[in-house]
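Chemist: Predicted model and sequence below, questions to follow.
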There are 2 protein chains.
Amino acid sequence: MKQYLKIDEWNIIEEGFNGDNHELSEGIFSIGNGYMGQRANFEEKYSGKSLQGSYMAGVYYPDKTRVGWWKNGYPEYFAKVLNSTNWIGIDFSVDGEVLDLATCEVKDFVRTLNMKEGYLHRSFIAKLPSGKEVKVDAKRFVSIVEKEIGAIRYSITPLNFEGTLSVSPYLDGDIKNKDSNYDEKFWDEVSKKSNLGQVSLVVKTKKLDFYVCSSMRYDIIQADKKVDFNGECIEKEKFAGNIVNLNVKQGEETVVYKYVSNVTSRDYKAEELLTVGKEALEKAYEKGFEVLLEEQAGAWAEKWKESDIVIKGDASAQQAIRFNIFQMNQTYTGEDDRLNIGPKGFTGEKYGGSTYWDTEAYCLPFYLSTADSRIAKNLLIYRYKQLEKAKENARKLGFTKGALYPMVTMNGEECHNEWEITFEEIHRNGAIAHAIYNYVNYTGDKSYLGQCGLDVLVEISRFWEERVNFASNKGKYVMLGVTGPNEYENNVNNNWYTNRIAAWTLEYTTEVIDYLKNNEAERYAELVKKLDLKEEEVNKWQDIIENMYYPIDEELGIFLQQDGYMDKEQILVKELDPKHLPLNQNWSWDRILRSCFIKQADVLQGLYFLEDRYDLETIRRNFEFYEPRTVHESSLSPCVHSILAAKLGEQEKAYEMYLRTARLDLDNYNNDTEDGCHITSMAGSWMSIVEGFGGMRVRDGKLTLNPFIPENWESFSFKVMFRGALLKVNIKKDKVAITNESQQGITLAVNGKDYTIAGVSEISA
Amino acid sequence: MKQYLKIDEWNIIEEGFNGDNHELSEGIFSIGNGYMGQRANFEEKYSGKSLQGSYMAGVYYPDKTRVGWWKNGYPEYFAKVLNSTNWIGIDFSVDGEVLDLATCEVKDFVRTLNMKEGYLHRSFIAKLPSGKEVKVDAKRFVSIVEKEIGAIRYSITPLNFEGTLSVSPYLDGDIKNKDSNYDEKFWDEVSKKSNLGQVSLVVKTKKLDFYVCSSMRYDIIQADKKVDFNGECIEKEKFAGNIVNLNVKQGEETVVYKYVSNVTSRDYKAEELLTVGKEALEKAYEKGFEVLLEEQAGAWAEKWKESDIVIKGDASAQQAIRFNIFQMNQTYTGEDDRLNIGPKGFTGEKYGGSTYWDTEAYCLPFYLSTADSRIAKNLLIYRYKQLEKAKENARKLGFTKGALYPMVTMNGEECHNEWEITFEEIHRNGAIAHAIYNYVNYTGDKSYLGQCGLDVLVEISRFWEERVNFASNKGKYVMLGVTGPNEYENNVNNNWYTNRIAAWTLEYTTEVIDYLKNNEAERYAELVKKLDLKEEEVNKWQDIIENMYYPIDEELGIFLQQDGYMDKEQILVKELDPKHLPLNQNWSWDRILRSCFIKQADVLQGLYFLEDRYDLETIRRNFEFYEPRTVHESSLSPCVHSILAAKLGEQEKAYEMYLRTARLDLDNYNNDTEDGCHITSMAGSWMSIVEGFGGMRVRDGKLTLNPFIPENWESFSFKVMFRGALLKVNIKKDKVAITNESQQGITLAVNGKDYTIAGVSEISA
């Protein structure tokens, strides 16, 4: 835990420069627009500890697998988030002395992430070793209006000297992934062109032939006038830039405006890239920095209108939730159904792949409620498109039918290399099925079931059918050798959550079959043929539904996390000396596995997904048993506990769990944010407020709210889009005010009572 | 499976050259003397597929760990068997044309491993691309008399030409381990010196500072006379040699005698190496090749006298058992208590470390019976010396007391990097305890208990004490999260074998405590103080012994491999389509883990170790249940099944299992011998004959035999050293003849009847 950032409702602010925090800040202050993004690296040279990172969504690299011992079934290559051309670079020196914050005295350093308008700002005064002082003010953003465009305003003012300023804007494609398995570089140069003031660089991945073309143009302003500068071009392997020498006077500002377009072969033919890149660049250049920034602020205002959460009386919580929402929106816009939500977004390169079950279990609700339903649908279609790969994956493991979606993926192929995860954490299949239910339940869009839904449900059901086995000794179907969401257990038998979500998938699939049979007979007939769906299969699923084995403890009245859980020494987290926490940094893996401690909601995850099937007392007994044993060392854990605690009226616990998830990165709770932010769990923060404190659910097609307000808050409000209506829900100590900001009327329930709100009107409840 | 070697009782013979078999032969034809050894690489250049390997016992390298995902508790470095200076090299060319069997036509190729006399022989005629034909005859050995010495006789005869022969004997230290984790080289050059006829090279490991000094000298003989040759020295980085040009005539032989000494800083100070190396070399050179080879044959005759097994009527079985005994004796001589028995010996570099539980469980009985008891004792002392490291290892995993020996080691530190093995395959601790029992039971040397035994037993017992936990729900001690000998299951609860060997350790430790208390009171008092042994501890052990939980199936009357084993789908190996076998090359790891198939004797391993505690019917029920479910994909499995089958009178099964273990490498049964031979399981072949067919046991200090003879054998005989007597046991169809070849009389039991045999006499039974 590290608290060095200032509390502010709309900004993340770092005051004073401390190299030890820099990597952490590089992650937290990251900017992105769903299409591209980057860590908050410095524009100028920096020789201190830094993780340079610039990423283009969907541009990845199949890195050769590195394992200790090979296991049959491992993928040979892992798709890796690819660090690509550094396009922000602007080095400078004064009278030959290079600015490098690692070797200067730095004063008045302020770094700001302006979340309201979507830009990164940094200012400081640097005293160079020679004693020369310069003031720097740098502002940059990646546009959410012109997604291919990034722009930088970089201003330099000599404070106590006059002399020669050398400025060097450049593009550098000679980039290495920090997590490269065998220390290889993944990029080759295709072409480069450097003229004075205008430079382009095309690079290409060594495998898969992703092309990225970066084009830059810049102006230099002194005394409010464009300078007609001289300079030279520098070219190196995968590198192109300029060096410009300028005379500068004490107290007079030199401003570099750098515009860059980044285009890739994902969207254009490789041979067109230079042309389209140049067009995009020229368009942005014509607008100029200030116009682009105004557009940016305007577009962010629109985003906030749809997704903001306002908390009164708790600035720290306010800042945190906005940071979470901001990062979610920076990571994924839903415009491109080939993309997904990487666990680190554009804030780092740890973990291969971009898609985890996080998307379905945690992110989908956020996008369902804060964006047009087409965005959530694109997340579903992403999996639908990868169904064939998921079938291949199941075949590779020896299954004769069905689909096993990968634990981690970029293109549908598996990107993980621990057998206990890759082969065993199969509950992901359940979350992918449940997302279909969730989408249809929220949007009411049943047409999706016949379009794509049933294909995925049938193949997942077939997998579950083959993955269970009938244990003659029990007279039940069992599921052996799995890892549940709680990764502090591996290779267990009959993980309650996995068994339950598997049986639920079979139930839902048969329901969907019935629905289509009765409502879309023609389409259903087509699907039966396409999927070669047999009655025996459906009968078999029914048999499994009826005879699935669930581990329970009769005496305690709880579902058991897995067979044998009660054999463990039963200790509570509060009984541990805090010096042992987090366990994953203090205990051997051996000790963690044998302990009763739970990394992440497991049984409780199941009760959250399927809460309408369990009575409150059952949920309470399980919550009261498992919560004290859960260490929440997955960023995905606290939100589920927060939501269930809220449901059970455990308001203090709900608030505690909310804080744990919402300020995870800002306060570096798990001591690992220097690798990048925990993007997917940020959706969990939103869920904690909306589903937890707001108690929002959709039941039988109706939006329902059962809100409460944490004691130290004056009020909080959130926005929800639901079936065409845009609602602002404002929860105060004494009342709930709901404003319908859309034209469309809606009937919803608050604390069990129905209210109808006409378009553009408001009610109090 | 690949059968390309000729059957011969005393030799391994390969006729005809096939490059596809070369790596396999390089492993099988390896030579060694316990101090050093090497694969059967060619002396001359070979550009075909080959694994060049020369190894110095105990010279290892800590290679940086490579894993997919780091787990707390993993060692940072793994000690790796180190491929060192290639000292056999003799390149040659005729009129500038290099001999390289990969580019020649090869005729009359014969490679022979002469096991009786301990040398490698190879002869062939090569037709070079130019059409020139040369006959080559190469013989080499590493001396078991002068352990630092290797000698080569390399003869070249032009068959259809006369011209210039260039011969280049060299030493090459620029060697890389094939299994280097990050493709690094591990050696630096210290010095080299090349004179004509005499060359030395000293290299040093980049870490740990192991120095190896190789010195060579050679003669060249033509027409029975030493040639007074001319030539030049060649030196490269880590390389030194000569090139000598000779005129050769058609049909006239040129012979190179190359003598090499290899000395290391394990035995001498680094600065003395050149001197001692030179002395050893000179001594050998003075003797000359033929004398050295005679000594070699004589010394091997002595070894065979102690350890030979003679099988009449089955040449294939005869060859196999001699090959196994030969390789055991090449790998470990017991002279150096810092060494141990690597799983590949000197035949390859796969697997880090040199010491596995194989040593205690499989190799110890071989050395107990075929060598002076001091040899077996050295194997025990090896572990005793590493006790502190084993305690550190336990601390690293979070244990507050006790010792956990590593799964794989070179210097006492762990060398394995899979959590399911490293942290969980803790049964190794039990085998190490059991070896103490085995040694004392066999030799009667109870003094070892007070000297070293109790220290090890107490620390292992302390580990078990902390590793079990009391499960309140069962009212028993359980052991969670282990991997048993059957590595086709990971992270299971209550593996019967592990629970049983743990409880047995506690029992034996308390027995030893009682023995010392009553018989060596003074030493015992010292030990209590040294080990800080407390009565509460011993009482706690007693409680665990009495209340250990064992999984059983009441109905079947068997011990269950682990909790939940009967939940698995129960299929027998014979019901599998053979195309699935071996499972580890055909099934995903996921499928293997979930199946009921057993890699290696697990419950049966326990019944083998503790057979005097179980009645025959219990053993039979378990054997009949588990044997049909065991795929024997560990080389260590069949021998235990063979021994138990023999005990149960299942003679056919016993013979089948014997063949499976004995010809494993010669017939490349598991399709992996190109990596090197399965050295430790070779002891299992010996056990199958002596303990299986011979039914040999030691009970209450008495040697007992319950022999049978496989149907197709005429007779078999084996040698046994037991408490000062050397016995030859000869089992024929109708009788058992036992010759006491020593001076010391002995009373033993054959088929339950006692016989006393005076020194140098014989009985029939």
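Modeler: Received it, and whenever you're ready, just let me know what you need. This structure is a prediction, so every number in the text was calculated from the model and none was measured.

Chemist: which residues in the stretch 601-750 of chain A form strands?
Modeler: Ranges of strands in the stretch 601-750 of chain A, per DSSP state E, counting those that start in this stretch, are A:697-699, A:702-705, A:715-722, A:725-732, A:736-740, A:746-750.

Chemist: Dump those into CSV; add mean neighbour count, mean pLDDT and distance to chain B as well.
Modeler: To be clear about C-beta, it is placed using only N, CA and C from the backbone, and glycine gets the same treatment. Putting the strands of the stretch 601-750 of chain A into CSV (neighbours: other CB atoms under 10 Å in any protein chain shown; pLDDT from 0 to 100; distance: least, CB to the nearest CB, whole Å) gives the following:
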stretch, mean neighbour count, mean pLDDT, distance to chain B
strand A:697-699, 15, 96, 36
strand A:702-705, 19, 98, 40
strand A:715-722, 21, 96, 37
strand A:725-732, 20, 96, 42
strand A:736-740, 19, 97, 46
strand A:746-750, 18, 97, 43
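
Chemist: so where's chain A uncertain?
Modeler: Applying pLDDT under 70 to chain A flags no residue at all.

Chemist: Could you list the domains of it?
Modeler: For chain A, automatic domain parsing gives the domain ranges A:41-305, A:444-629.

Chemist: closest to B:Lys207 out of those?
Modeler: When the domains of chain A are compared by CB to CB, domain A:41-305 sits nearest B:Lys207, at 19.3 Å.

Chemist: so how far is the closest one off the chain centroid?
Modeler: Computed by CA atoms, centre = their mean, to the nearest Å, the chain-centroid distance of domain A:41-305 equals 23 Å.

Chemist: Briefly note if that domain comes near chain B.
Modeler: Yes - judged by CB under 8 Å from any CB of the partner chain, domain A:41-305 and chain B are in contact via A:65-69, A:71-73, A:182-183.

Chemist: Only whichever of those are buried, select them in PyMOL.
Modeler: To isolate the buried ones among these in PyMOL, judged by 16 or more other CB atoms under 10 Å in any protein chain shown, type:
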select buried, chain A and resi 65+66+67+68+71+72+73
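
Chemist: Could you export the residues of domain A:41-305 next to chain B as a markdown table, including secondary structure?
Modeler: Below are those laid out as a markdown table (DSSP: H, G, I helix; E, B strand; the rest coil):
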| residue | secondary structure |
| --- | --- |
| A:Thr65 | coil |
| A:Arg66 | coil |
| A:Val67 | coil |
| A:Gly68 | coil |
| A:Trp69 | coil |
| A:Lys71 | coil |
| A:Asn72 | coil |
| A:Gly73 | coil |
| A:Tyr182 | coil |
| A:Asp183 | coil |
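
Chemist: which residue sits closest to the residue of the stretch 1-150 of chain A found nearest chain B, ignoring its sequence neighbours?
Modeler: Using CB to the nearest CB, A:Gly73 is the residue of the stretch 1-150 of chain A that sits closest to chain B, at 3.4 Å. Among residues not flanking A:Gly73 along the chain, B:Ser588 sits closest, at 3.4 Å (CB to CB, 6 or more residues apart in numbering or on different chains).

Chemist: Got the phi and psi for that neighbour?
Modeler: The phi/psi pair for B:Ser588 (degrees, to the nearest 10) reads phi -70, psi 160.

Chemist: what sits against it?
Modeler: By CB atoms under 8 Å, 6 or more residues apart in numbering or on different chains, the contact set of B:Ser588 is A:71-73, A:396-398, A:423.

Chemist: Looking at these, which one is closest to B:Asn18?
Modeler: Closest to B:Asn18, out of all of these and judged by CB to CB, is A:Asn72, at 28.6 Å.

Chemist: before we move on, the earlier item: from what I see, the residue of the stretch 1-150 of chain A closest to chain B and A:Asn417 are in contact.
Modeler: No - judged on CB atoms under 8 Å, A:Gly73 makes no contact with A:Asn417 at a distance of 10.4 Å.

Chemist: ok so, going back, now the domains of chain A as CSV including distance to A:Ile757?
Modeler: Shown next, in CSV, are those (distance: least, CB to CB, whole Å):
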stretch, distance to A:Ile757
domain A:41-305, 18
domain A:444-629, 18
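
Chemist: Which among these is found nearest to B:Lys127?
Modeler: With CB to CB as the measure, domain A:41-305 is the member of the domains of chain A nearest B:Lys127 (41.0 Å).

Chemist: Quick one: end-to-end length of that closest one, please.
Modeler: This stretch, domain A:41-305, spans 29 Å end to end (CA to CA, to the nearest Å).

Chemist: One more: stretch A:732-751?
Modeler: 14 Å.

Chemist: gap between it and the chain center?
Modeler: Computed by CA atoms, centre = their mean, the chain-centroid distance of stretch A:732-751 equals 29 Å.

Chemist: can you list the residues of the stretch 651-765 of chain A near chain B?
Modeler: Counting by CB under 8 Å from any CB, the stretch 651-765 of chain A comes close to chain B at no residue.

Chemist: Would you state the helices of the stretch 651-765 of chain A in chain order?
Modeler: Secondary structure of the stretch 651-765 of chain A (DSSP state H, counting those that start in this stretch): helices at A:651-662, A:679-687.

Chemist: which of those is buried the deepest?
Modeler: helix A:679-687 (a mean of 28; mean count of other CB atoms under 10 Å in any protein chain shown).

Chemist: Identify the residues contacting it?
Modeler: By CB under 8 Å, 6+ apart, helix A:679-687 touches A:309, A:320-321, A:323-325, A:327-328, A:331, A:341-345, A:347, A:356, A:358-359, A:362-363, A:365-366, A:370, A:634-636, A:638-640, A:643, A:658, A:661-662, A:664.

Chemist: Could you export that helix as CSV, CA atoms only?
Modeler: Backbone C-alpha positions of helix A:679-687 (Å, rounded to 0.1, in the frame of the first residue of the first chain) are rendered in CSV as follows:
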residue,chain,number,x,y,z
ILE,A,679,-8.5,-2.8,-15.4
THR,A,680,-11.1,-5.5,-15.4
SER,A,681,-11.6,-5.3,-11.6
MET,A,682,-12.4,-1.6,-12.1
ALA,A,683,-15.8,-2.7,-13.4
GLY,A,684,-16.2,-4.5,-10.1
SER,A,685,-16.0,-1.1,-8.3
TRP,A,686,-18.8,0.2,-10.5
MET,A,687,-20.8,-3.0,-9.7
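
Chemist: Distance from that helix to the middle of the chain?
Modeler: Averaging C-alpha positions (CA atoms, centre = their mean) puts helix A:679-687 8 Å from its chain's average.

Chemist: Next, the angle helix A:651-662 makes with it.
Modeler: Helix A:679-687 runs at 150 degrees relative to helix A:651-662, counting by axes from the mean of the first three to the mean of the last three CA atoms, to 10 degrees.

Chemist: Provide the secondary structure category for the nearest residue to A:Glu520 once chain neighbours are set aside.
Modeler: Nearest residue to A:Glu520, sequence neighbours excluded (CB to CB, 6+ apart): A:Gly450, at 4.8 Å. Of the three states, A:Gly450 takes helix under three-state DSSP.

Chemist: A:Ala394 against A:Pro406, yeah?
Modeler: No - contact criterion CB under 8 Å: A:Ala394 and A:Pro406 do not qualify, at 10.4 Å.

Chemist: between the residues of domain A:41-305 next to chain B, which is closest to A:Phe463?
Modeler: Distances from A:Phe463 to the residues of domain A:41-305 next to chain B, taken by CB to CB, are shortest for A:Gly73, at 14.7 Å.
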